[in-house]
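1. When you get a sec, could you give me coordinates for this:
(chains A and B)
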2 protein chains.
Amino acid sequence: MALPPNISETEFASALNEFVSAVGSDWVFSSDEDVDLYRDSYSILWGEEDERVASAAVAPANVEEVQQIVRIANRYRIPLYPISTGRNLTYGGSSPTLSGSVIVDLKRMNRILEVDDKRNFALVEPGVSYFDLYNHITERGLKVMLDIPDPGWGSPVGNSLDHGLGYTSASFRDHFATHCGMEVVTPDGEIIRTGMGALPGSDSWQDYPYGAGPSVDGLFAQSNFGIVTKMGFSLMPLPEAYLSGRVSVPNYQDLIPLIEEVNYLEDSSLIGLPRYSSPLGGGFRGLPPALASLMENGWPSTEQIENFVRSQDLPAWSVNLQFYGPEETIRGSWEAAKRRFSSSIAGAVFEEGELLTLPIPPEDEANITGKTRFGIPSLEIFTMVGRNPRTAANPADGHADLFIIIPRTPQANWESARVFAETYRELGLNPTTSPFSTPSTLTPRTFARVAVVPTWRDPERNRNSREIFSRLIDRSAEHGWGSYRTAPAFQDQVISKYSYNDSSLLRFQEKLKDGIDPNGIISPGRYGIWPANMRNNRG
Amino acid sequence: MALPPNISETEFASALNEFVSAVGSDWVFSSDEDVDLYRDSYSILWGEEDERVASAAVAPANVEEVQQIVRIANRYRIPLYPISTGRNLTYGGSSPTLSGSVIVDLKRMNRILEVDDKRNFALVEPGVSYFDLYNHITERGLKVMLDIPDPGWGSPVGNSLDHGLGYTSASFRDHFATHCGMEVVTPDGEIIRTGMGALPGSDSWQDYPYGAGPSVDGLFAQSNFGIVTKMGFSLMPLPEAYLSGRVSVPNYQDLIPLIEEVNYLEDSSLIGLPRYSSPLGGGFRGLPPALASLMENGWPSTEQIENFVRSQDLPAWSVNLQFYGPEETIRGSWEAAKRRFSSSIAGAVFEEGELLTLPIPPEDEANITGKTRFGIPSLEIFTMVGRNPRTAANPADGHADLFIIIPRTPQANWESARVFAETYRELGLNPTTSPFSTPSTLTPRTFARVAVVPTWRDPERNRNSREIFSRLIDRSAEHGWGSYRTAPAFQDQVISKYSYNDSSLLRFQEKLKDGIDPNGIISPGRYGIWPANMRNNRG
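-> Numbers count the residues shown, from 1 in each chain, chains lettered A, B, ... in the order given. Below is the predicted model of the structure:
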């Protein structure tokens, strides 16, 4: 059994007894087989000395029990690591940043406190999953639509606090940006409510985010400033209809005006998530042979690429546009989009999808692929071929996702694809990117370059995975690109790249941390923020 | 001349000399006539002992000079009060919260560092005004549209940091929510850059707000955690066209479905700012005689009100809808809106406005009223009759705006109008609200109840103004409603209403403040946050 750092077995046993007094013996987990369940099954450090493992877990039923846990932890100087549903796969799952931490498992705090479809908001506890919230909404016929991540068993609270992303319109895809109001147990065991929640009797907690004075909410995301016990979210009213349309363009360099037009449509709230693709590019399963041969002698020139395009008799690029709203509006927007693309790109070709009335009837849900488009939670990602390394012919045990923010330009898309390919080659690996790689568009107003690196129950193979993952972080930073989210194994490295002015932002965050958590008991080391007494832990 | 608290004249003279060394003698202001210019010309405390007045002002040219000023202030323990353009009228103008503070006037830092109309963002310094930014955009023909407050001489940075609001679509009206990335001089004189700005060489500073780890940006709004020296903003792409449409409904209680439908349209991003009005209600200049007589014996019953409506032969309510986008889209959205209103409100009547192509040609700008609809900065608010107490027959010297957040429901609209009317009556004043009062809709997803209280150069009349202002804050809080923004004279009172759990949010903010500003030199007392050594100052 792991122990918290600098805590003796006797002290720990005494602390566990206090946790039992706080939450009952059924809800304190300290046997090896119980604690094993909190290991990160996708860990890139699986079975190694550095794997991040908990010492115990404790599952409070309500906010008062969370307060008691925090006060006990302060007395014993025991690090806590709160999780919501613990499904943060590829980003650490339910395992802590610091080995020996006690997991505060919030799964029992799973009340849906309010869903309002006149003012379009929800208020939930951390243990509520997207499935729970979706079922609540559909059972009551509420006229709102969720924006959800893959897969649907995660928690809206946990996902938002990890800066998670979804699949509908830019106004709702950034889940933290849609939050409105929090209840938090601070490291001293006090309860705060942010925004209008601080005003007793307020009925605007989920309507207006700031209250009066500074907003502290941002401090609780990707961090260790408190334990969030309630969180509100702005919801999208249920759109009347959905229409998709595909735009395809003939030439390699048509990506330049294509991106410019799509940026216009998206920033004008005329479309939901745009999905770029190239009929010539490769997906997760590697590059098509013709393309692999084009890349044999390194990155090809623009002329070579344009020649290749002409030889293939396929469009160079496509983008799938999605429209949500009344039929009158979205048919109008699709007409406007076609007009704009036609005027800026010679040879643009359009293909209209089916118009669907929302909500999707329950009996049709099973036949819909891409359920995230309609906010329907599922686990389909685990079986979508080409979207998940566990669906490969020789499936990995898990994967670590590197998600690098790049500017929303064709130049950054191409440059990042080239840098990723060259980094793979440096290590003697086959590149997974090509001149026809397209960006991830989940983050509003930026692109991302993504690498899905397999992880294993085999330390030898994981060593190779860590090498490429870590080198991609380094090479990206050399080009001004940073990761927005990562597993504990890479958090110190990722944060070290945000180094402006001798890492002054991190040093500022550390001062804030020291002011509110002098004993350093909440999630030490999370996203590079170590408490004063562990600052030498930094990797 | 005012002095900073606990600073002798000799010490202050020595500090001023150091400021001169930092920024040059032309940019340190300490004569009475210079310092007088920083008085709040709308002050509700004008000429009284409690009026908040500065001891001096210093105007740095760049961020390095800001750092020097902060370091000098730390050595002398002199409170600083940063302002951007100092135009925060009705909310304190350029005057400090604590008398004796030295104003850090950022007007010289007025560079527009970048405006990008492909990715739709801007990066500006605090001294840039909305006029400056608008001129920059129009001179270059950039295809973006600003969202601006009244009037146009304010600063995008300052307005956002005060949680200021605008007039276009919900995605852009909350100016702080549209910010992306900051540069800040922290109270120890360090420079931090937030989000992707912390990653050297990043070109995504204005695209992705969070970077990795917690977001500290919210701490710098309505507060005293640092001096913001650069700030980025997401911009709206220039819409192709604009259409307005008016919906009028016959009965008093039709407001219920009217608000429900408008909430739907707005949260679906189908419309810009909706403006409610009632042909039967009063504006700033008081209630029409028939309505005043209806209210003579207190708040009328719903039956009396419906009878009154029937006697007047006018619609009870109207709402003006605004559509921005391609003509195909906005004509479709207006059709959809009419269909939805017709199906939920019997007798709804529609009136279509003119379709305008954007941008408004410069030669037509002068003839456009409501320039804020098109992001065109002006000073028209100062002469708009009925929108400003300085345009009244007997004009006030200034005004203090009370802006109370209420839920976005017809019930809260009516209840807050009644509470405001009763509060005026308690003090023997004529009410300014009636059953036909409509809400302010500037804040996305909430309503606000607004009182525009006149201020004077006459202490006696200001005493009455303070009495009604303060009592409205109290009565509002009793109903769960709080102010989102207020002048220094009322900040302690407003913040005292956000009192959940013995003001635990404020106590948490104070711990953060103590951790980063131990000498308490940045804007002591702003929005109720006093440094440790002045915590007994609280009003």
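2. what comes into contact with the lowest-mean-pLDDT helix or strand in chain A?
-> Every helix and strand of chain A was ranked by mean pLDDT, DSSP states H and E. The lowest is helix A:289-294, at a mean of 85. The contact list for helix A:289-294, computed with CB atoms under 8 Å, 6 or more residues apart in numbering or on different chains, reads A:280, A:281, A:282, A:286, A:300, A:304, A:305, A:308, A:312, A:434, A:435, A:436. Every C-beta, even on glycine, is put in place using the N, C-alpha and C of the backbone.
3. among those residues, which ones are buried?
-> Taking 16 or more other CB atoms under 10 Å in any protein chain shown as the criterion, what is buried in the contacts of helix A:289-294 is A:280, A:281, A:282, A:300, A:305, A:308, A:434, A:435, A:436.
4. for those, which one is nearest residue B:128?
-> Nearest to residue B:128 out of those is residue A:435 (CB to CB; 40.0 Å).
5. what residues are up against the residue nearest to the closest one when sequence neighbours are not counted?
-> Leaving aside its chain neighbours, residue A:435 sits nearest to residue A:305 (5.0 Å; criterion: CB to CB, 6 or more residues apart in numbering or on different chains). Residue A:305 sits next to A:252, A:294, A:435 when contact means CB under 8 Å, 6+ apart.
6. Also residue A:396?
-> Residue A:396 neighbours (CB under 8 Å, 6+ apart): A:389, A:390, A:454, A:455, A:456.
7. Any regions of chain A where pLDDT drops low?
-> A:282-286, A:386-388, A:390, A:538-539 (pLDDT under 70).
8. about what we covered before: make a markdown table from the contacts of helix A:289-294 and add distance to residue B:49 and secondary structure to it.
-> Formatted as a markdown table, those follow (distance: CB to CB, whole Å; DSSP: H, G, I helix; E, B strand; the rest coil):
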| residue | distance to residue B:49 | secondary structure |
| --- | --- | --- |
| A:280 | 77 | coil |
| A:281 | 73 | coil |
| A:282 | 75 | coil |
| A:286 | 78 | strand |
| A:300 | 77 | coil |
| A:304 | 79 | helix |
| A:305 | 75 | helix |
| A:308 | 80 | helix |
| A:312 | 82 | helix |
| A:434 | 73 | coil |
| A:435 | 72 | coil |
| A:436 | 73 | coil |
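9. re earlier: what would the contacts of residue A:305 look like in a markdown table with distance to residue A:501?
-> Shown next, in a markdown table, are the contacts of residue A:305 (distance: CB to CB, whole Å):
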| residue | distance to residue A:501 |
| --- | --- |
| A:252 | 40 |
| A:294 | 43 |
| A:435 | 36 |
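10. coming back round to it: which two of the contacts of residue A:396 have the greatest separation?
-> A:390 and A:456 (11.5 Å).
11. shared neighbours of those two, anything?
-> A:396, A:397, A:398.
12. Need the distance between the two termini of stretch A:443-458.
-> This stretch, stretch A:443-458, spans 33 Å end to end (CA to CA, to the nearest Å).
13. One more: stretch A:244-260?
-> First residue to last in stretch A:244-260 (CA to CA) measures 19 Å.
14. Show me what from the stretch 51-200 of chain A comes close to chain B.
-> Counting by CB under 8 Å from any CB of the partner chain, the positions of the stretch 51-200 of chain A adjacent to chain B are A:118-121, A:163, A:169, A:171, A:176-177, A:180, A:186, A:190-194, A:196-200.
15. Derive a PyMOL selection command for the buried subset of the residues you listed.
-> If you want just the buried ones from these in PyMOL, going by 16+ other CB under 10 Å, the selection is:
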select buried, chain A and resi 118+119+120+121+163+169+171+176+177+180+186+190+191+192+193+194+196+197+198+199
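16. Could you list which of the residues of the stretch 51-200 of chain A next to chain B belong to helices?
-> Within these, residues falling in helices by DSSP state H are residue A:171.
17. Quick check: bridge partners of the nearest residue to residue A:327 once chain neighbours are set aside?
-> Excluding the flanking residues, the one nearest residue A:327 by CB to CB, 6+ apart is residue A:241, at 4.8 Å. Taking DSSP bridges as the rule, residue A:241 bridges to residue A:325, residue A:357.
18. center of chain A, which residue is that?
-> In chain A, the residue lying closest to the centroid (CA atoms, centre = their mean) is residue A:164, at 3.1 Å.
19. distance of that one from residue A:127?
-> As defined by CB to CB, to the nearest Å, residue A:164 lies at a distance of 16 Å from residue A:127.
20. ok, now residue A:489?
-> 26 Å.
21. of these two, who's got more company?
-> More crowded of residue A:489 and residue A:127, by other CB atoms under 10 Å in any protein chain shown: residue A:489, with 25 against 22.
22. Please identify the helix or strand for the more buried one.
-> helix A:488-496 (DSSP states H and E).
23. And that helix, what does it pack against?
-> helix A:459-478, strand A:482-483 (3 or more CB pairs under 8 Å, 6 or more residues apart in numbering or on different chains; DSSP states H and E).
24. I'd like those as a markdown table, with distance to chain B and mean neighbour count appended.
-> Output for the helices and strands packed on helix A:488-496, formatted as a markdown table (distance: least, CB to the nearest CB, whole Å; neighbours: other CB atoms under 10 Å in any protein chain shown):
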| stretch | distance to chain B | mean neighbour count |
| --- | --- | --- |
| helix A:459-478 | 7 | 17 |
| strand A:482-483 | 4 | 26 |
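25. could these be laid out in TSV, adding distance to residue B:426?
-> Output for those, formatted as TSV (distance: least, CB to CB, whole Å):
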stretch	distance to residue B:426
helix A:459-478	63
strand A:482-483	57
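26. which residues does the closest residue in space to residue A:85 that isn't next to it in sequence contact?
-> Excluding the flanking residues, the one nearest residue A:85 by CB to CB, 6+ apart is residue A:155, at 4.1 Å. Shown in contact with residue A:155 (CB under 8 Å, 6+ apart): A:84, A:85, A:87, A:126, A:127, A:128, A:129, A:130.
27. at 7 Å what do you get?
-> Contact analysis of residue A:155 by CB atoms under 7 Å, 6 or more residues apart in numbering or on different chains lists A:84, A:85, A:126, A:127, A:128, A:129.
28. Could you do residue A:256 as well?
-> residue A:410 are the contacts of residue A:256 under CB under 7 Å, 6+ apart.
29. And the next helix or strand past the helix or strand that contains it?
-> Element membership for residue A:256 (DSSP H and E) is helix A:255-267. Counting by DSSP H and E, the element after helix A:255-267 in chain order, helix or strand, is strand A:275-277.
30. what packs against that following strand?
-> The contact analysis (3 or more CB pairs under 7 Å, 6 or more residues apart in numbering or on different chains; DSSP states H and E) places strand A:275-277 against strand A:317-325.
31. what about the residue lying closest to residue A:190 once chain neighbours are set aside, neighbour count?
-> Nearest-residue entry for residue A:190: residue B:504, 4.9 Å, with adjacent residues in sequence omitted and distances by CB to CB, 6+ apart. For residue B:504, the neighbour count with other CB under 10 Å is 19.
32. now the helix or strand where residue B:504 lies against helix B:488-496, angle please.
-> Element membership of residue B:504, judged by DSSP H and E, is helix B:500-516. Per axes from the mean of the first three to the mean of the last three CA atoms, to 10 degrees, the angle that helix B:500-516 makes with helix B:488-496 is 120 degrees.
33. Which residues belonging to helix B:500-516 are considered buried?
-> Buried residues in helix B:500-516 (16+ other CB under 10 Å): B:500, B:503-506, B:508-516.
34. How about stretch A:392-404?
-> Going by neighbour count (16+ other CB under 10 Å), the buried part of stretch A:392-404 is A:396, A:397, A:398, A:399, A:400, A:401, A:402, A:403, A:404.
35. Verify the stated contact: residue A:131 with residue A:153.
-> Yes. Assessed by CB atoms under 7 Å, residue A:131 is found in contact with residue A:153 at 6.3 Å.
36. Comparing those two, which residue is more hemmed in?
-> Neighbours per residue (other CB under 10 Å) separate residue A:131 from residue A:153, with residue A:131 holding more: 18 against 15.
37. Assumed that one was part of a helix.
-> Yes. Per DSSP: H, G, I helix; E, B strand; the rest coil, residue A:131 lies within a helix segment.
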